[in-house]
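Novice: no FASTA, just this:
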């Protein structure tokens, strides 16, 4: 009786999986592969594929390094209110560049150490750090930036990045370590990475503000804000600190750039 397609598939499966197979190596040598070994190898391959798939799914789908100048400039044409959260138009990358992370860590370490000489070499406008008076003023309050995480989005200018730097602050006289967000515009100079602390073009400023309102970044701001509110309730010294700096000219970004919106659902993607 002629076998149908399903019978032939079943026979092929039995012949391959339920019987030993011989693999010829070279001209004469043969290796016998038992059904048990086939099963182990098959499941191992399956598990490996699952692990690789999970790793890929956990990575933000970003085209930061592939955006053309035309695509970046098209962001400026997006009809988006600068004070409202919106769908992500430029996806972020998290800790994507070890050299950039190292540079940013050195930058904040220099701020804490009041090392205005080092800072002059790390920014585009060195005049801001001709004096360390401002740094000493900040050092009275902020004694460290720890657990730094860098979220980058491609900048408007070629080779530039918008870096959203999340860290834990060590504060004088405060028991807990609140979260903090700093926004830096990073450019490539002759000496390597630099923080652009000079005057930005109007297009660049608009681009940064639009990207800052991206949903993926605003989700981070919300998380920071919520965690700090929890810490304030547990730690009176932290609440007192924020009360003090709100009355003084001290720059602490924290969640100040968070844009309130109607849609504040937890866990949104």
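Specialist: Good, I have the coordinates. Owing to the predicted nature of the structure, the values given are computational and were not obtained by experimental measurement.
Novice: remind me which residues of this structure are low pLDDT?
Specialist: Applying pLDDT under 70 to the chain flags residues 1-66, 248-269.
Novice: quick one, helices of the stretch 101-250 of the chain?
Specialist: 116-120, 133-139, 202-212, 215-234, 236-245 (DSSP state H, counting those that start in this stretch).
Novice: Let me see the contact set for the closest residue to residue 204 other than its chain neighbours.
Specialist: In space, and not counting its chain neighbours, residue 204 is closest to residue 156: 5.0 Å by CB to CB, 6 or more residues apart in numbering. (Each C-beta comes from the backbone N, C-alpha and C, glycine too.) Applying CB atoms under 8 Å, 6 or more residues apart in numbering to residue 156 gives the contacts 72-73, 75-76, 203-204, 207-208.
Novice: Same question for residue 233.
Specialist: Applying CB under 8 Å, 6+ apart, the residues near residue 233 are residue 239.
Novice: Ok, residue 191 next?
Specialist: residue 121.
Novice: Torsion angles phi and psi at it?
Specialist: phi -100, psi 10 (degrees, to the nearest 10).
Novice: Among the helices of the stretch 101-250 of the chain, which comes closest to residue 180?
Specialist: Nearest to residue 180 among the helices of the stretch 101-250 of the chain is helix 215-234 (7.6 Å), distances taken as CB to CB.
Novice: buried sites along the closest one?
Specialist: 216-222, 224-225, 228, 231-232 (16 or more other CB atoms under 10 Å).
Novice: what's the answer for stretch 178-189, then?
Specialist: For stretch 178-189, the neighbour count (16+ other CB under 10 Å) marks 178-182, 184-187 as buried.
Novice: Could you do stretch 122-139 as well?
Specialist: For stretch 122-139, using 16+ other CB under 10 Å, the buried residues are 122-123, 129, 132, 134-135, 138.
Novice: What's the end-to-end length of it?
Specialist: Taking CA to CA, to the nearest Å, the first and last residues of stretch 122-139 lie 19 Å apart.
Novice: Repeat that for stretch 113-125.
Specialist: Taking CA to CA, stretch 113-125 runs 19 Å from one end to the other.
Novice: Just the residues contacting that stretch, thanks.
Specialist: Stretch 113-125 has contacts (CB under 8 Å, 6+ apart) with 103, 106-107, 110-111, 126, 128-132, 135-136, 139, 187, 189, 191, 193-198.
Novice: try 10 Å this time
Specialist: 103-104, 106-107, 109-111, 126-139, 184-185, 187, 189, 191-199 (CB atoms under 10 Å, 6 or more residues apart in numbering).
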